[in-house]
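S.K.: Fold the stuff below for me.
(chains A, B, C and D)
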Protein chains: 2
Amino acid sequence: MDALTINEAAETTGWSPRMLRYVERLGLIEPARSGGGYRLYGPAELQRLRTLRELLDTHGLGLGEIGFALRLRRDRTLRDAVEAWFEAQPARPEHVPASDWLSWEQDKHSRLLAAAGAPRT
Amino acid sequence: MDALTINEAAETTGWSPRMLRYVERLGLIEPARSGGGYRLYGPAELQRLRTLRELLDTHGLGLGEIGFALRLRRDRTLRDAVEAWFEAQPARPEHVPASDWLSWEQDKHSRLLAAAGAPRT
DNA sequence: CCAACCTTGACACGATCGTGGTAAGGTTGC
DNA sequence: GCAACCTTACCACGATCGTGTCAAGGTTGG
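M.R.: Next up is the predicted model:
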């Protein structure tokens, strides 16, 4: 079998064994397990570990941020909620009188909330 | 003028003035400025501050995570790099039901297009 | 013109993150 | 069977985050 144990994987990827477990706990890279529970890193996981390091280095990211990106991908509700909050940032119509502006803003907000809660509307 | 100063905005939104400055430094909500440099919070900003708090509370997020989501939206290179890393996942994510996986896969392209610059619906 | 408010910047402090180490015990393979 | 490796769980410790407070100085508006 061409799968490496955690220390071997650490050796060839540059991550520490401790960090490999941490990366796994974040849900980023989950190696297969042997019958007795040993982690088994195959070529795919090793490659992914190397590209992960490159991703972090070239963009100055932390593991937590990639973990959050993963959450965003997996949790549609979360993604839609965050998306909706950012969408609610239109160009401000400065020419609209303040009172109308306020009601327009409030109306927009409820529309967004409705959209976030009812995906298929 | 219906714009509030930072302490007034803090009063009505529940954020502290300190936090309003922090939220601004993260690029999340950037109020207009008076000639002398005072922050001026209009109805739109106030509403956004309230929905931001709701977003954080209902999903257990931190400001840093929304800041990172903002980075993802603004920096296309970063977004594409993160996206590419997740795409290059030959291993099967067993904990994600196939239906969910499929649905976000299908949705991904339209979402990307929308984020790319397509105006509001 | 002056009290009340705002600005930026610095110091502080608990909570969490990223990372290491160690202990108690199970697995592997020669 | 046993040495070498792995597992989980815990303690530790510097770095960063979230938040407060204070200081020195500029703005606002009656």
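S.K.: so which helix or strand takes in the nearest residue to A:Ala32 once chain neighbours are set aside?
M.R.: Excluding its sequence neighbours, the residue lying closest to A:Ala32 (C-beta to C-beta, 6 or more residues apart in numbering or on different chains) is A:Leu40, at 4.7 Å. All C-beta atoms are positioned from the backbone trio N, CA, C, and that covers glycine. Using DSSP states H and E, A:Leu40 falls within strand A:39-40.
S.K.: For that strand, the averaged confidence score.
M.R.: For strand A:39-40, mean pLDDT rounds to 97.
S.K.: List the neighbouring strands of that strand plus their orientation.
M.R.: Here strand A:39-40 has these sheet partners by DSSP bridges: strand A:32-33 (antiparallel).
S.K.: how about the strand it pairs with against DNA strand C, any contact?
M.R.: No. Taking C-beta under 7 Å from any atom of the strand as the criterion, strand A:32-33 and DNA strand C are apart, separated by no less than 8.5 Å.
S.K.: Please apply the same query to stretch A:64-77.
M.R.: Yes. With C-beta under 7 Å from any atom of the strand as the criterion, DNA strand C is reached by stretch A:64-77 at A:Gly64, A:Glu65.
S.K.: and the spatially most central residue of chain A, what does it touch?
M.R.: Among the residues of chain A, A:Ala69 comes closest to the average C-alpha position under C-alpha atoms, centre = their mean, at 1.2 Å. Contacts for A:Ala69 (C-beta atoms under 8 Å, 6 or more residues apart in numbering or on different chains) come out as B:Phe68, B:Leu72, B:Val82, B:Phe86.
S.K.: what does A:Phe86 give?
M.R.: Residues in contact with A:Phe86 (C-beta under 8 Å, 6+ apart) are B:Ala69, B:Leu70, B:Arg73.
S.K.: a helix runs through it, doesn't it?
M.R.: Yes. If the criterion is DSSP: H, G, I helix; E, B strand; the rest coil, then A:Phe86 is within a helix.
S.K.: how about the residues of chain A near DNA strand C?
M.R.: Near DNA strand C, the residues belonging to chain A are A:16, A:18-19, A:22, A:34-38, A:62-65 when assessed by C-beta under 7 Å from any atom of the strand.
S.K.: Just the ones of those in helices?
M.R.: Mapping these onto helices (DSSP state H) picks out A:Arg18, A:Met19, A:Tyr22, A:Leu63, A:Gly64, A:Glu65.
S.K.: quick one: which of the residues you listed has the most company?
M.R.: A:Glu65 (21 neighbours; other C-beta atoms under 10 Å in any protein chain shown).
S.K.: okay, and for chain A, where does confidence drop off?
M.R.: A:1, A:89-121 (pLDDT under 70).
S.K.: Dihedrals phi and psi, the residue in it positioned nearest to DNA strand C?
M.R.: Closest contact between chain A and DNA strand C, by C-beta to the nearest atom of the strand, is at A:Gly36 (2.0 Å). Note on A:Gly36: backbone dihedrals following degrees, to the nearest 10 are phi -90, psi 0.
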